[in-house]
Each structure stands twice: as C-alpha cells, then as structure tokens.
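Participant: here is my input, please return the structure:
(one chain, ligands or ions: 2)
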Amino acid sequence: MTGVIIGVESTAHTFSFGLVTEEGIPRKSYSALYRPKEGGIHPREAADHHSNLASQLISRLMEEECLASNDVKAIAYSQGPGLGPCLRIGANVSRALSEQWEIPLVGVNHCVAHIEIGRNQTGCIDPVLLYVSGGNTQVIARAGDRYQVLGETLDIGIGNMLDKFARTQGLAFPGGPKIEQLAEEWHKQNPKANVDLVELPYSVQGMDLNFSGLLNAAIQKVNEGFELGAVCWSLQEHAFSACIEVAERALAHSGKSELLLGGGVACNERIREMTRIMCEQRGAVGTWPEKQYCIDNGTMIAELGRRMLATQNPTNLASSAINPSLRTDHTIVTWD
Ligand code: AMP
Ligand code: MG
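Facilitator: Ligands and ions are numbered 1, 2, ... in the order given. Take a look at the predicted model:
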C-alpha cells in the first residue's frame, strides 16, 4: 500500500480526521459533530467536545483503514479561519502526532481546502467557488498565485442564518437540512407558488451579500401567521438566488466557465438546481462534490496538505500557530 496523508479539521462544530493517499485518492473521514444543548455554538464547549474525542477518532481511523503509523507520511490541519479554541485542539493534536510519528506537519487554509477537494472530486480545473457554509459565504476564484475573494457576506454566513432561523422555530441544529425538507414538502403541495407570496428582503450589494435582514424578516413572517413551510421555501429562494446572482457575476467578470459549490449548504438540492439552471443558461459547467466532501471534513484538509507538500516545505513549529481570521487570499497557491 502507498502512504497516506492525514488531515485534521476543527474550525467549528465538526471535529474530523480524514485521509488521502499520496496519489490524492480520498478515503472516508472520521467525524464527530458538536451539537449545542441550546443556543449557538459555545467555542469552549465545542473545544472540550473535540478534545474528548481526539484519541477515539484517530484510533478508529487507524484501525478501520488498516494503517500502521509508518504508513502515514504527513499530517495536515486547519490553521484557520475558525474559532480559536476549536482550532487550537486540532493544531495541538496534529503537532503531537507529527512529533510522535516523526512526519511533516502542514498547516492549511480551511477555505482553500474546500476548493481543492472540489477540484479533486469533480475534475473541474479553474472554477469559481461558491462557498456556502455555516460561518462563511464567499465567492472565490484564482487570480495569479492567490485565490481571491470576489464577493462575500458582510454579516453572518448563510448556514448560520438558516440554523438561527431553525432554532427560533424549535428545530434542532443543524437547521439547514430541516428547512430544506419543510420547504420541499410545502412546495410539492404548492408547485405554482410565487416568491412574492412570502415577501422577504433580497440583499445583494455589488458582489457582497448579507443575511441578517432576511433572517429577521423570515422570523417576522412566521410571527404574522404565515405557514412555516412557506416561509422556509421563500427563505431558501431568496438566500440562494442572491448567492447565485453573485456567482454568475463572478463568472462574467473573471471569464471562467466552471462554477463549483462547496460548504455544508451545498448539500441542498435546491441550490444545486439553481446552479445547474444558471450554468446551463450561460454555457458554463456547474459542479459539486458529494455531500461528505461539502460539509467540513478532514479529508479535504489532507488533500490540500498533500498538494502543498508537493511544492513547499512543511510548516515548522514556530509558524504552526493557528490564525482564527486567516483570509482566503492570504495563502500563496504554489500548486497547479
Ligand atoms: P459546514 O460549516 O460547511 O460544515 O456546513 C454546516 C452548515 O451547512 C450548517 O449551517 C447546516 O445547517 C448547513 N447545511 C447542511 N446541510 C444542508 C442542507 N441540505 N441545506 C441547507 N443547509 C445545509
Ligand atoms: Mg467549511
């Protein structure tokens, strides 16, 4: 068997160990999800959750993948962006494993990892990435040696908005899939529905987005007596159309012809359908990896680590500190 690169993801709720072979063939991730008992994520509680599960997850990975420590050629981890306490657990575990196994350590940019696993899985070459996750909403494309952010949310991430709305309706975290289900069921009963039925604000400012106003307006509509399924449907239509509009503009400005979806919200069938329709209309290709690679996962961290190590030195201990506010365009892209 060839060697593998292990990736450790711990930017927020998800703690995950994944792996790719040295040739870049991904295997499954071994993940655990921190679910707050009430309210939003509590960074220290999430970090405790991750810390408690570290040895269990890594043992399962080694056992189920039939690996010995000398099969592991390098260890990659999310250096940022994310929640400090959570990132710190992943970084500490990775430093310890790197020392214990005497293998290179590589700190990677979480947002860039979404692009690289997408490229790995879909075969797209030079895409615009619509990155729609819990904490992030960005439209990203490569320009020279950087992945540049062409547009992004100015307040909360789209997934965060969906989760918050769900929480106000008594739906447990993560709320996105439940909103999708309620919206779909309602739309089946009301196939001719028009978005004006539940009027919500539509907020695109140039290439940027925001979601707080939409969230508050949706809560208001439920309080006014609109059916929950109808509000979920309209909420999705508004939020996703805004993202697709910015993505389309990014395709036009950059001259690129591939749109890649990534992030947990990219699991949603409706945003995939909107992507398909928009791309068809402009002769572009819309694509996305399977769901296990849309949500946060250790495998994507391993894949970016693999690509970085092919062209760069490993991360030395002195520069291995986490960076909660790491920007997508901070990372120099040294690989093809
Ligand atoms: P991530 O931060 O990339 O791990 O993604 C987690 C986010 O994706 C959470 O906000 C979830 O609510 C959201 N999510 C997961 N599945 C879906 C779905 N089917 N539809 C909408 N949002 C989803
Ligand atoms: Mg993510």
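
Participant: all the strands of the stretch 51-200 of the chain, residue numbers only.
Facilitator: For the stretch 51-200 of the chain, the strands defined by DSSP state E, counting those that start in this stretch occupy 72-80, 105-109, 128-132, 137-143, 146-152.

Participant: and the third one, what does it pack against?
Facilitator: Based on contacts counted as 3 or more Cβ pairs under 8 Å, 6 or more residues apart in numbering; DSSP states H and E, the elements that strand 128-132 packs against are helix 110-122, strand 137-143, helix 228-254, strand 258-262. The C-beta positions use only the backbone N, C-alpha and C, and glycine is treated the same way.

Participant: picking that back up, the strands of the stretch 51-200 of the chain: which one's closest to residue 188?
Facilitator: With distances scored as Cβ to Cβ, the stretch of the strands of the stretch 51-200 of the chain nearest to residue 188 is strand 128-132 (23.8 Å).

Participant: right, is that closest one up against ligand 1?
Facilitator: No. Strand 128-132 lies out of reach of ligand 1 by Cβ under 6 Å from any ligand atom, never closer than 7.7 Å.

Participant: so residue 166 touches residue 177, yeah?
Facilitator: No. The pair residue 166 / residue 177 is not scored as a contact, 9.2 Å apart, by Cβ atoms under 8 Å.

Participant: so between these two, which is more surrounded?
Facilitator: A count of neighbours by other Cβ atoms under 10 Å puts residue 166 above the other of residue 166 and residue 177, at 20 against 16.

Participant: so how far is residue 288 from the residue nearest to the more buried one when sequence neighbours are not counted?
Facilitator: Closest residue to residue 166 apart from its sequence neighbours, by Cβ to Cβ, 6 or more residues apart in numbering: residue 175 at 2.3 Å. Going from residue 175 to residue 288 by Cβ to Cβ, to the nearest Å gives 21 Å.

Participant: same check, this time on residue 215
Facilitator: 25 Å.

Participant: residue contacts, the closest residue to residue 65 other than its chain neighbours?
Facilitator: Nearest residue to residue 65, sequence neighbours excluded (Cβ to Cβ, 6+ apart): residue 27, at 6.2 Å. Neighbouring residues of residue 27 by Cβ atoms under 8 Å, 6 or more residues apart in numbering: 4, 18-21, 65, 299.

Participant: run through this protein and note the low-pLDDT ranges.
Facilitator: Counting by pLDDT under 70, the low-confidence segments of the chain come to 1.

Participant: got the domain ranges for it?
Facilitator: 4-115+293-330, 126-290 (automatic domain parsing).

Participant: so residue 187 sits against residue 193, correct?
Facilitator: Yes. Between residue 187 and residue 193 a contact is recorded at 6.5 Å, counting by Cβ under 8 Å.

Participant: quick one, what contacts residue 330?
Facilitator: Residue 330 makes contacts with residue 109, as judged by Cβ under 8 Å, 6+ apart.

Participant: now list the buried members of the contacts of residue 27.
Facilitator: Buried members of the contacts of residue 27, scored by 16 or more other Cβ atoms under 10 Å, are 4, 18-21, 65, 299.

Participant: and residue 6, which helix or strand is it part of?
Facilitator: Residue 6 belongs to strand 4-9 when assigned by DSSP states H and E.

Participant: quick one: that strand to strand 72-80, angle?
Facilitator: Computed by axes from the mean of the first three to the mean of the last three Cα atoms, to 10 degrees, the angle separating strand 4-9 from strand 72-80 equals 20 degrees.
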